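Q: generate a structure from the sequence data that follows.
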Amino acid sequence: MGKGDKSIGGVHTLLNLAKPCAWQPWQAYTDLVYLELKAEIDAGYAVLLKKWNEENPEGGKNGEKKPIQFAFMNEFLRERYEARSDEMKVKVEH
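A: Predicted coordinates for the structure are as follows:
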């Protein structure tokens, strides 16, 4: 049985992906502003990665994990969303 399969009365069915989940407000905000903030996100991640490489010259052999760009981007955008005006929050929440 593959990932996402369900068994109903012994019959296997695929997971219905037709109903999309509602976005979190910060995700809707991301959709609106990602392109204008991409350069800032990339620069911030480059600084974080440089710092990590300086602090971990052996490349994480001490158990330290390299920062993940996707996780950095999500945290950056969540923080930006939280700092936005109420007007922007109303725009993305409705």
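Q: packing partners for the host helix or strand of V33?
A: Following DSSP states H and E, the helix or strand that holds V33 is helix 25-55. Helices and strands touching helix 25-55, by 3 or more Cβ pairs under 8 Å, 6 or more residues apart in numbering; DSSP states H and E, are helix 69-83, helix 86-93. Every C-beta, even on glycine, is put in place using the N, C-alpha and C of the backbone.
Q: rounded mean pLDDT for it, please.
A: When pLDDT is averaged along helix 25-55, the result is 93.
Q: can you pull the buried residues of it?
A: Buried residues in helix 25-55, defined by neighbour count with 16 or more other Cβ atoms under 10 Å: P25, W26, A28, Y29, T30, V33, L37, I41, G44, Y45.
Q: any chance of CSV for those, columns distance to S85?
A: Output for those, formatted as CSV (distance: Cβ to Cβ, whole Å):
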residue, distance to S85
P25, 13
W26, 14
A28, 15
Y29, 11
T30, 16
V33, 13
L37, 16
I41, 20
G44, 22
Y45, 26
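Q: closest to A18 among these?
A: A28 (20.6 Å; Cβ to Cβ).
Q: the closest one contacts V90, correct?
A: No: look at A28 against V90 with Cβ atoms under 8 Å: they stay out of range, at 11.4 Å.
Q: what's the pLDDT at the residue nearest the centre of the chain?
A: Geometric centre of the chain, nearest residue: N74, 3.7 Å, by Cα atoms, centre = their mean. On pLDDT, N74 comes in at 95.
Q: now swap in A22 and tell me
A: pLDDT, A22: 82.
Q: confirm that it sits in a strand.
A: No: according to DSSP: H, G, I helix; E, B strand; the rest coil, the state of A22 is coil, so it is not within a strand.
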